[in-house]
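Attaching a predicted model along with its sequence, questions to come.
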Amino acid sequence: MSKLFRAVIMGPPGSGKGTISERIAHSFGLKHLSSGDFVRENISAKTEAGVLAKTFIKKGLLVPDHVMTRLLLPRLEEMTKCSWLLDGFPRTLAQAEALNSACDLDVAINLNIPLETLKERLRHRWIHPPSGRVYNMCFNPPRVQGIDDITGEPLIQQEDDRPEALVARLRHYKDIAKPVIDFYKAKGILYTYSDTETDQIWPNISTLLSTKIPTIQSDARCASTH
Ligand code: G5P
Ligand code: MG
């Protein structure tokens, strides 16, 4: 019988959660679920939760816990046969506790990146909204400026990467993350990585996961999607 593997990746806005998640999904076959992408899908589809979430995201605020858990937990229930990586959820202690009631995690990855590095990165970030693909005009630019490599569609800058929303996001992060970090530390599953470069952090995460998930069988691997 296959052993399923469940992980979360935490870190402030721009810390590289999405970039590292894509590498993990590609290398280890985990299904990548990004809470931010999921919220944006709901905003585009104008669902009730999406309309509500938009009012918070525009101000650089977190979406309320009850909205997030109502969006995310049913999605996880559909993935009982998958090994997955949850990117951006939980963000608060209430979310961590709700997730803990729904399933057991194997690993919580925590990215600890200096503030100045974060501000600089997000200034240069562009995304392809339909897929959630992320580019950085310095670090990983698209082949043609402003155009998605795969579909040829235009790239945009997200509303919450605008300077005023960004500062608010970074300020809030530290306070709310501390209890979540302590929660996973107490469970003995927290792995924190501190550096200014994703390429320095990635080999260490890859080594960790190689030791933690050698037994995932092909039927527990899922396509990498957001
Ligand atoms: P998101 O979409 O989850 P955030 O705020 O957590 O947004 P974000 O912005 O998606 O975080 P990230 O995924 O941590 O950042 O980082 P990334 O996108 O991979 O990398 C950032 C940029 O840096 C990219 O351009 C990348 O190419 C580049 N980069 C990566 N590594 C390097 C490097 O080494 N060097 C350089 N130079 N560049 C690099 O959530 C959005 C909003 O949704 C709501 C909130 O309102 C949130 O603000 N939301 C929730 N609300 C409540 N609870 C939740 N659980 C919520 N989840 C989402
Ligand atoms: Mg992200």
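It's in. Numbers count the residues shown, from 1 in each chain. Ligands and ions are numbered 1, 2, ... in the order given.

C-alpha from now on. contacts and neighbour counts both.
Noted.

Please give me every residue in contact with residue 40.
Contact partners of residue 40, counting by CA atoms under 8 Å, 6 or more residues apart in numbering, are residue 50.

One more pass at 6 Å, please.
Residues near residue 40 by CA atoms under 6 Å, 6 or more residues apart in numbering: none.

Which helix or strand contains it?
In the assignment (DSSP states H and E), residue 40 maps to helix 35-44.

Just the buried residues of that helix, please?
For helix 35-44, burial by neighbour count (16 or more other CA atoms under 10 Å) applies to 35-43.

Looking at strand pairing, list the partners for the residue most central in space within the chain.
Geometric centre of the chain, nearest residue: residue 87, 2.5 Å, by CA atoms, centre = their mean. Beta-bridge partners for residue 87, by DSSP bridges, are residue 9, residue 34.

list the helices and strands the lengthiest helix in the chain packs on?
Ranked by residue count, the top helix of the chain under DSSP state H comes out as helix 163-187. Helices and strands touching helix 163-187, by 3 or more CA pairs under 6 Å, 6 or more residues apart in numbering; DSSP states H and E: there are none.

Neighbouring strands of the helix or strand just after that helix in the sheet, and parallel or not?
Remark: after helix 163-187, the chain's next helix or strand is strand 190-194, criterion DSSP H and E. Here strand 190-194 is paired, per DSSP bridges, with strand 107-112 (parallel).

gap between the next helix or strand after the partner strand and the chain center?
Once the chain leaves strand 107-112, the next helix or strand it forms, by DSSP H and E, is helix 115-123. With CA atoms, centre = their mean, to the nearest Å as the basis, helix 115-123 stands 17 Å off its chain's centre.

go on, stretch 180-194?
When distances are taken as CA atoms, centre = their mean, stretch 180-194 is centred 16 Å away from the chain's centroid.

What are the buried residues along that stretch?
180-181, 183-184, 189-193.

picking up where we left off before, among the buried residues of helix 35-44, which one lies nearest to ligand 1?
Ligand 1 has its nearest neighbour among those in residue 36, at 3.4 Å by CA to the nearest ligand atom.

what residues are up against the closest one?
No contacts exist for residue 36 under CA under 6 Å, 6+ apart.

Can you give me the pLDDT of it?
pLDDT for residue 36: 90.

cool, and residue 39?
Per the predicted model, pLDDT is 90 at residue 39.
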